[in-house]
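S.K.: sharing a model that was predicted from the sequence below.
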Amino acid sequence: MKGSITHKILKEHLVKGEWDKGSEIGIRIDQTLTQDATGTMAYLQLEALGIKRVKTELSVSYVDHNTLQNGFENADDHRYLQSVASNYGIWFSRPGNGICHQVHLERFGAPGKTLLGSDSHTPTAGGLGMLGIGAGGLDVAVAMAGAPFYLGLPEVVLVKLEGKLPPWVGAKDIILELLRQLSVKGGVGKIIEYAGSGVKTLSVPERATITNMGAELGATSSLFPSDEVTLEFLKQQGREEVWKPLEADGGAVYDQEITIDLSTLEPLVAAPHSPDAVKTIEQAGSVSVDQVAFGSCTNGSYDDLWLLSEIMKGRVVHPGVSLVVAPGSRQVLLRLTRDGILEKLVSAGARILESACGPCIGMGQAPPSGGVSVRTFNRNFPGRSGTNDAGVYLAGPAVAAVAAVTGRLTDPRELGEYPQQPATRTMIIDDRMLIAPGAENGHEEIIRGPNIKPIPINSTMPEKIEAKVLLVVGDNITTDHIMPGGSKVLPLRSNIEALSEFVFESVDKEFASKARESGKGIIVAGDNYGQGSSREHAALAPMFLGVKAVIAKSFARIHHANLVNFGILPMVFCDLNDYDNFSTGDQLVIDNIEEQLDLKEIVIKNASKGRNYRATHLLSARQVEIVKEGGLLNYTRKEKA
Ligand code: MIC
Ligand code: SF4
């Protein structure tokens, strides 16, 4: 990766470890972000770490996920987050100010800096040339306390963008094309770097659409160079002082190279139920559409909504379609209002939602039974929309807008001429919904509602695990399967006992009661286990239910780290075919854990099948110690002591 942008940023931030392939490095984190659905737990953990003030250059606590406020829980969480932010030296972005990634891009992101966020789409910041990495809340809490963030030295993939996009084809189609080529696990352990003549044709919000959805490749991060386009964006945001040029050196070395000729791309969609089920509109066939949803951290920009308004001009939404729009940030919403775009949208029949995640995480606007929703979002996992049998197509704004007019998946090129982009209009800079941290020595009471319960703490890893296989699952199991989102479950994020009732709800309704009955258990999984979000609750709640280990063919990066952080042992099969020999209910025994972890050779006795199987682990020496201690909180406290 010599000479790449990744290399430059990592080298500059390297504080621990050796620069060797496969080794673990520790990097200094300049900025952190949290959002409310992961933030409550992150800050409970920060409190437990016992520091007084964050040690980062900048930390921001956003409220954007849990904004439906069906009961007191969300509002209580918001109040807790605001009081913690004030005390600990953290900026607070109030509900209504927008989606964390979009607001961070607009108001805080800076080329060449590192950003750790308790949300998997933190790499959105890569649109500015900032290294954004998603992590569990505990990792973010530890980074706020000033400790390095550890990661395996990533491979670097160069994606060369050549030429220029044709009319009606957008940034979303570029990342969908990459998902088509690489799949949802193609980016695991990798950072995707963009270069080539096509880069300068893409605005910062377009670049951010691409880096945002690099998370769906499983990539650790995605990075664009910082160039004159970046400078122009920052100038418009009144923040040009944070700009610095950043590009790869000539002759930079990469682990993999891909070239995409932008001029050959077509409008694409990701069909239900995976972001890599990518098809052209023709391949998708005849699809009648019930709902069109605009927004999310992928496509909630001003230009995305401007395009919608142009396509809807003089028209009204198709009678069979409900069109919902959630602008990505308050800045975007203010501009839409000033420029008369909001009026056009409302007049076309759009239902305007607040600037927040909303339908993207099943917070309202669930589609009808068996319905089809076309969304400009980034994930279409089963049930995530709030309707289990709905089919979600992910698309760029052009495809989504045309579907709102025709009521069917339609190739937008059929509409004729592409609307004329207006000359750049100025941004509206208004930071009054951002609350600056309280004074260093000031003290405000930390307000906890009744739904905010203490964090459960794991015990140390026993020498012997004797437990049943509670569940065998297949490939690409998402964190939405393990720990669902949605308006019913998300409000319980700071109450692990209540939350744990929903673990694996859509896969096995009895999972929680079975786990509770057994007192402990093991999960067996296929490839890419735990893809998707950064929610540490997908490790914390199973830990609470007694899950001691997960044996899989392979893991997604963030979930693997979260399992370690909560003292659940992640193992991989030495012979992948052995996966077929495990069934739900099998009684397993793993003995001499300490020694086997050190040797990286783990014998799993399947007493029900009367056979032994071999597994290994992908843990660094540091992570082995964390697992032995029963998780990162115990480990950090012990280290401090
Ligand atoms: C998501 O898009 O799945 C989320 C909701 O933003 C998650 C975080 C969470 O579960 O709170 C993510 O992407 O990390
Ligand atoms: Fe919010 Fe959706 Fe982005 Fe997650 S993917 S941060 S839920 S908008």
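M.R.: Good, I have the coordinates. Since we're looking at a predicted model, the values are computed, not measured. Ligands and ions are numbered 1, 2, ... in the order given.

S.K.: what ranges in the stretch 51-200 of the chain fall below the confidence cut-off?
M.R.: For the stretch 51-200 of the chain, no stretch is flagged by pLDDT under 70.

S.K.: report the closest residue of the stretch 151-300 of the chain relative to ligand 2.
M.R.: C297 (3.4 Å; C-beta to the nearest ligand atom). C-betas here are computed from N, CA, C, even on glycine.

S.K.: state the phi and psi torsions of that residue.
M.R.: C297 has phi and psi values of phi -70, psi -10 when expressed as degrees, to the nearest 10.

S.K.: then A512?
M.R.: Residue torsions, per degrees, to the nearest 10, at A512 are phi -60, psi -40.

S.K.: residue in the stretch 501-641 of the chain nearest to ligand 2?
M.R.: S533 (6.8 Å).

S.K.: and that residue, what's its pLDDT?
M.R.: On pLDDT, S533 comes in at 98.

S.K.: name the element it belongs to?
M.R.: Using DSSP states H and E, S533 sits in no helix or strand.

S.K.: count of neighbours near it?
M.R.: 31 (other C-beta atoms under 10 Å).

S.K.: can you check the one 3 residues further on too?
M.R.: If you count neighbours by other C-beta under 10 Å, E536 ends up with 31.

S.K.: ok, now which ones touch it?
M.R.: Counting by C-beta atoms under 8 Å, 6 or more residues apart in numbering, E536 touches T38, M41, S118, G136, G137, L138, N562, N565, F566.

S.K.: go on, P382?
M.R.: P272, H273, N388, D480, H481, S506.

S.K.: tell me the SS of D119?
M.R.: State at D119, reduced to three classes by DSSP: H, G, I helix; E, B strand; the rest coil: coil.

S.K.: okay, helices next: where are they in the stretch 151-300 of the chain?
M.R.: 171-182, 204-212, 228-236, 281-284 (DSSP state H, counting those that start in this stretch).

S.K.: give the other helices and strands that the second one contacts.
M.R.: Spelled out, it's helix 204-212. Secondary-structure packing of helix 204-212 (3 or more C-beta pairs under 8 Å, 6 or more residues apart in numbering; DSSP states H and E): helix 100-107, helix 171-182, strand 221-223, helix 228-236, helix 302-312.

S.K.: list of residues touching that helix?
M.R.: Taking C-beta under 8 Å, 6+ apart as the rule, helix 204-212 contacts 101-102, 105, 121, 123-128, 132, 170-172, 174-175, 194, 199, 202, 221-224, 229-230, 233, 297-299, 301-304, 378.

S.K.: now it against helix 100-107, angle please.
M.R.: 140 degrees (axes from the mean of the first three to the mean of the last three C-alpha atoms, to 10 degrees).

S.K.: also the longest one?
M.R.: Angle between the axes of helix 171-182 and helix 100-107 is 130 degrees (criterion: the same axes, to 10 degrees).

S.K.: now check helix 171-182, is it near ligand 2?
M.R.: No - using C-beta under 6 Å from any ligand atom, helix 171-182 stays clear of ligand 2, with a minimum separation of 13.3 Å.
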